[in-house]
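Visitor: Quick one, what's the 3D model for this:
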Amino acid sequence: MGLKNIHLLFISLAIATCIGFGAWCVWRFRDAGGGAYLAAGIASFGIAVGLTAYGNWFLKKMKGIRP
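Guide: The predicted structure follows:
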């Protein structure tokens, strides 16, 4: 597995982790309340969006490079 593919794997895992953590935070906010859970959930979803944009940028940049 090349470095490009490993990088894409780690980006994908980071996105999945952010989405999972964001969902957990929103679920905890619904059950326990507290603005910190909601803020952390929104921030986590925002980071997931940023990582998705970074992943797309990385793919475009590496388009001509073989794996």
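
Visitor: Look up how far residue 6 lies from the residue nearest in space to the middle of the chain.
Guide: Nearest residue to the geometric centre of the chain (CA atoms, centre = their mean): residue 15, 2.3 Å. Going from residue 15 to residue 6 by CB to CB, to the nearest Å gives 15 Å. To be clear about C-beta, it is placed using only N, CA and C from the backbone, and glycine gets the same treatment.

Visitor: and if you look at residue 43?
Guide: Distance from residue 43 to residue 6, by CB to CB: 26 Å.

Visitor: more crowded one of these two?
Guide: residue 43 (14 against 11; other CB atoms under 10 Å).

Visitor: Which neighbouring elements make contact with the helix or strand encompassing the more buried one?
Guide: Secondary structure assignment for residue 43, by DSSP states H and E: helix 35-61. When contacts are defined as 3 or more CB pairs under 8 Å, 6 or more residues apart in numbering; DSSP states H and E, helix 35-61 packs onto helix 3-32.

Visitor: average pLDDT for the helix it packs on?
Guide: Across helix 3-32, the average pLDDT comes to 95.

Visitor: about what we covered before: kindly calculate the angle that the helix holding residue 43 makes with helix 3-32.
Guide: Here helix 35-61 points in a direction 160 degrees away from that of helix 3-32 (axes from the mean of the first three to the mean of the last three CA atoms, to 10 degrees).

Visitor: Show me how far helix 35-61 is from its chain's centre.
Guide: 5 Å (CA atoms, centre = their mean, to the nearest Å).

Visitor: quick one: contacts for the closest residue in space to residue 44 that isn't next to it in sequence?
Guide: Excluding the flanking residues, the one nearest residue 44 by CB to CB, 6 or more residues apart in numbering is residue 22, at 3.6 Å. When contacts are counted by CB atoms under 8 Å, 6 or more residues apart in numbering, residue 22 touches 40-42, 44-45, 48.

Visitor: Columns distance to residue 64 and neighbour count on top of these, output as TSV?
Guide: Formatted as TSV, the contacts of residue 22 follow (distance: CB to CB, whole Å; neighbours: other CB atoms under 10 Å):
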residue	distance to residue 64	neighbour count
40	39	18
41	38	19
42	37	14
44	33	19
45	32	17
48	28	19
